[in-house]
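Engineer: Predicted model and sequence follow; I will ask about them next.
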Amino acid sequence: MKSIKNTQLYQLTYTFFLETIREPEVLFWGILFPVLISIGLGLAFTQTSESKFHIMIVEKNQTELDSLLNIYATHNLKNEKEQFTWKIENKITGNTEFGFTRSDWKSAIVSLKRGESELIVTDSVGTVQYHFDPLNSQAQLAYMKLSALIKSPASTVDTGQNQINPLTLKGVRYIDFLIPGILSMGVMSSILWGLSYTIIERRSQKLLRRMVATPMRKSDFLIGMMFVRILMNVVEALILIVFAWLLFGIHIQGNIGALVVLFLAGNIAFTGLAVLISTRTAKTEVGTGWINAVQMPMMILSGIFFSYHHFPEWSIKVIKVLPLTALTDGVRSIFNEGAGWMEIITPSIALSAFGVVCFIVGMKLFKWF
């Protein structure tokens, strides 16, 4: 009877195992990289016991604003010009911090559309009024915490009856915040996987070696793939927009021409980045790791599913530099704020320049076999 070590299955399994552990790139992207991601996200989301909410206060006159702020006068209120901070300490459930900002109604609505704040609070004849999207879970949480504290027995001020005014304006709903983010994320994912992974896979199968032997300009090969991917993104974006319009009643409030230019600039940025990622990698496992390393942080940080203003202040300046953030903020401003050409010039130029530079560098470093 044959021993297990002499069987074909054992020998093949042992050989494949040795091939795998001898590839440091595969070990890094398959084992170490997920651990690093979990550590980073764990430190970001589990090490703090403080919830932060940004509240916009719309004042009709100074007296009414003062009467509203007097509610918090005995609760560690810090006044810095137009901004006020109220911190509540709780060792069991964690600390809560409310940041209040004086504003007019129009600016407050824009702040909600951008995800910079959760609530709009007004004060009318002693009645505290809350304005927010009732379908937004973060806004609901902010309302419940703030209203409970204002009605708390510790408050010495009779605030009267609280009043909820649901905001159902186009552009204020969570779905209005989400769809532009999904559109931008679709551009990034489609290009990184459709372009980078395709190039890496063809290199691993030795197909690029055969193609480079033909009378073909190398740049034409890459540009042709880029054009096809951009065309597919246009079709996918149109389907998503029509679907969102029919199902959720979403409308593009800004300039459609500006949206087209910004959309193309975003495609240029990510096609250039995709070429740069795929310059030298010949293993699909390593290529998958590189794509995830680029894509996952931007998916989390760039405000696709929730506002990046919830991250620490020091990180927001870095987050705004990311190409996905620039594309998402621009698309969202056109969809929800009625932005036009002037608002998208800077992000469009920045995205296009980023893509061109990445493409040029990628062409210099590109390995065909």
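Structural biologist: Sure, I can see it. Residues are numbered from 1 along each chain as shown.
Engineer: quick one: Ile252 from Asn90, how far?
Structural biologist: Counting by C-beta to C-beta, to the nearest Å, the gap from Ile252 to Asn90 is 43 Å. C-beta here means a position set from N, CA and C on the backbone, and glycine is covered the same way.
Engineer: Mind checking which of these two has more residues around it?
Structural biologist: More crowded of Ile252 and Asn90, by other C-beta atoms under 10 Å: Ile252, with 17 against 10.
Engineer: Compute the distance between the nearest residue to Lys113 once chain neighbours are set aside and Val361, please.
Structural biologist: Excluding its sequence neighbours, the residue lying closest to Lys113 (C-beta to C-beta, 6 or more residues apart in numbering) is Asn336, at 4.5 Å. Distance, Asn336 to Val361, using C-beta to C-beta: 35 Å.
Engineer: And these two? Which one has more around it.
Structural biologist: Asn336 (27 against 14).
Engineer: ok, and that one, which helix or strand is that part of?
Structural biologist: helix 323-337 (DSSP states H and E).
Engineer: Ok, Leu238 next?
Structural biologist: Using DSSP H and E, Leu238 falls in helix 218-248.
Engineer: Okay, domains of this protein per the record?
Structural biologist: Following automatic domain parsing, one finds the domains of the chain at 4-46, 50-166, 174-365.
Engineer: For Leu18, see how far away Ala244 is.
Structural biologist: From Ala244 over to Leu18 (counting by C-beta to C-beta), the distance is 51 Å.
Engineer: and what of Met56?
Structural biologist: Counting by C-beta to C-beta, the gap from Met56 to Leu18 is 61 Å.
Engineer: Quick one: the strands in the stretch 151-300 of the chain, in order.
Structural biologist: For the stretch 151-300 of the chain, the strands defined by DSSP state E, counting those that start in this stretch cover 163-166.
Engineer: Any regions of the stretch 51-200 of the chain where pLDDT drops low?
Structural biologist: Flagging of the stretch 51-200 of the chain using pLDDT under 70 yields the residue ranges 59-82, 92-94, 123-127, 150-162, 168-171.
Engineer: If we use 80, what do you get?
Structural biologist: Counting by pLDDT under 80, the stretch 51-200 of the chain contains low-confidence residues at 51-52, 59-97, 102, 114-116, 118-119, 122-129, 133-138, 145-172.
Engineer: now do the stretch 251-369 of the chain
Structural biologist: 280-286, 309-314, 366-369.
Engineer: can you rerun that using 70?
Structural biologist: The stretch 251-369 of the chain contains no residues with pLDDT under 70.
Engineer: hang on, the earlier thing: the residue nearest to Lys113 touches Gln253, doesn't it?
Structural biologist: Yes - assessed by C-beta atoms under 8 Å, Asn336 is found in contact with Gln253 at 6.4 Å.
Engineer: so what's Ile164 closest to, chain neighbours aside?
Structural biologist: Nearest residue to Ile164 in three dimensions, chain neighbours excluded: Tyr130, at 5.2 Å (C-beta to C-beta, 6+ apart).
Engineer: ok but that neighbour is inside a strand, no?
Structural biologist: Yes - Tyr130 forms part of a strand when assessed by DSSP: H, G, I helix; E, B strand; the rest coil.
Engineer: what sits against it?
Structural biologist: With contacts defined as C-beta atoms under 8 Å, 6 or more residues apart in numbering, Tyr130 is in contact with 119-121, 143, 146-147, 162-165.
Engineer: ok, it to Tyr143 distance?
Structural biologist: From Tyr130 to Tyr143 the distance is 5 Å (C-beta to C-beta).
Engineer: now Ile344
Structural biologist: Ile344 is 33 Å from Tyr143, by C-beta to C-beta.
Engineer: Tell me who's in contact with Met226.
Structural biologist: Per C-beta under 8 Å, 6+ apart, neighbours of Met226: 195, 271, 275.
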